[in-house]
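Colleague: Sequence plus predicted model, see below.
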Amino acid sequence: MADRNIEVNVELPDVVMVLLDRIHHFYPIGLPYFNEMHNGYKQLRKILEDKINNVIANDIPNPCKDFIRKVERDFKNFEISNRLHRQFPNYSFSVKLVDETLNGVQNICSLNIKISLLSKHFTVYYEDLYIFKEHLIARHTPINFKILSSANFTADPERAYLNKMIEIIKSSFFDHEYVHHKILFSYPVEGGTPYGINAESKSIYPLYFYLFDNDIIYENYKVV
């Protein structure tokens, strides 16, 4: 006879437990349609409002100013995208490492930086965007696909740029902890609606979309 009283212990990494706690603080998990009524979600909106107002007034906090100064100094030979204006409670940046086209396929490799304003954590990863220019959808839009990774042997074979970026962030946001992007995409949370996303009856989203960004929620991507 099968034992129906078997106990299974699932031990989650400490950082996942911390991130889950932050998600439950800001979102009414289990009630995906009631974000606006949740006190934590109102705090989230205030954090975002303050960020946008600071950007408009050109008065961003000193840690962010320090980070931008160091990145512009150490990555001066690359194209740096400042995405502070984005409607999400984070500091988001991108450094373009490679942009080349071969046989009708354009490959843009960027180093993406996401510093959460909802948790004392940040992540850095490579984003490889492949644009198939000869294959169109909606008549004028080429098919594209993204790969998110922590290793790129073409753009950064020794991970020098990625490691340097992590070092810079830690020196500017000394109270923030690095978390690997794969962890953020490996643990789904059911019953919530991340900021900027329409509520759905069946809502399951990775940690990333709740706390770090909603930038690729509707895009084709693969995490490796």
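Modeller: On my side now, so go ahead. Numbers count the residues shown, from 1 in each chain.

Colleague: Could you check the top helix by length along the chain and say which residues are buried?
Modeller: Of all the segments of type helix in the chain, defined by DSSP state H, the longest one is helix 39-56. With burial defined by 16 or more other C-beta atoms under 10 Å, the residues of helix 39-56 counted as buried are 41, 44, 48, 51, 55. Using the backbone N, CA and C atoms, a C-beta is placed for each residue, glycine as well.

Colleague: Dump the residues you listed to CSV, plus pLDDT and distance to residue 146.
Modeller: As requested, the buried residues of helix 39-56 are arranged in CSV below (pLDDT from 0 to 100; distance: C-beta to C-beta, whole Å):
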residue, pLDDT, distance to residue 146
41, 98, 28
44, 98, 26
48, 98, 24
51, 98, 25
55, 97, 26
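
Colleague: which one of those sits closest to residue 186?
Modeller: Residue 186 has its nearest neighbour among those in residue 44, at 23.2 Å by C-beta to C-beta.

Colleague: I'd like to know how far the spatially closest residue to the closest one that is not a sequence neighbour sits from residue 192.
Modeller: Closest residue in space to residue 44, ignoring its immediate chain neighbours: residue 26 at 4.6 Å, by C-beta to C-beta, 6 or more residues apart in numbering. According to C-beta to C-beta, to the nearest Å, residue 26 and residue 192 sit 9 Å apart.

Colleague: anything in contact with each of the two?
Modeller: Shared between the contact lists of residue 26 and residue 192 (criterion: C-beta atoms under 8 Å, 6 or more residues apart in numbering) are residues residue 210.

Colleague: Residue 200 in helix, strand or coil?
Modeller: Secondary structure state of residue 200, per DSSP: H, G, I helix; E, B strand; the rest coil, is coil.

Colleague: ditto for the one 10 residues further on
Modeller: Classification of residue 210 into helix, strand or coil gives helix, according to three-state DSSP.

Colleague: just for this structure, where's the confidence low?
Modeller: Judged by pLDDT under 70, the chain has its weakly predicted residues at 1-10, 135-142, 201.

Colleague: More neighbours: which of residue 26 and residue 192?
Modeller: residue 26 (25 against 22; other C-beta atoms under 10 Å).

Colleague: Show the contacting residues for the spatially closest residue to residue 188 that is not a sequence neighbour.
Modeller: Nearest in space to residue 188, with sequence neighbours left out and distances taken as C-beta to C-beta, 6+ apart, is residue 204 at 4.9 Å. Residues touching residue 204, when contacts are defined by C-beta under 8 Å, 6+ apart, comprise 188-190.

Colleague: Write the ChimeraX selection for whichever of these are buried.
Modeller: One line in ChimeraX is enough to select the buried members of those, burial here meaning 16+ other C-beta under 10 Å:
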select :189
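
Colleague: possible to save the contacts of residue 204 as JSON lines with secondary structure and distance to residue 175?
Modeller: Output for the contacts of residue 204, formatted as JSON lines (DSSP: H, G, I helix; E, B strand; the rest coil; distance: C-beta to C-beta, whole Å):
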{"residue": "188", "secondary structure": "strand", "distance to residue 175": "27"}
{"residue": "189", "secondary structure": "strand", "distance to residue 175": "24"}
{"residue": "190", "secondary structure": "strand", "distance to residue 175": "30"}
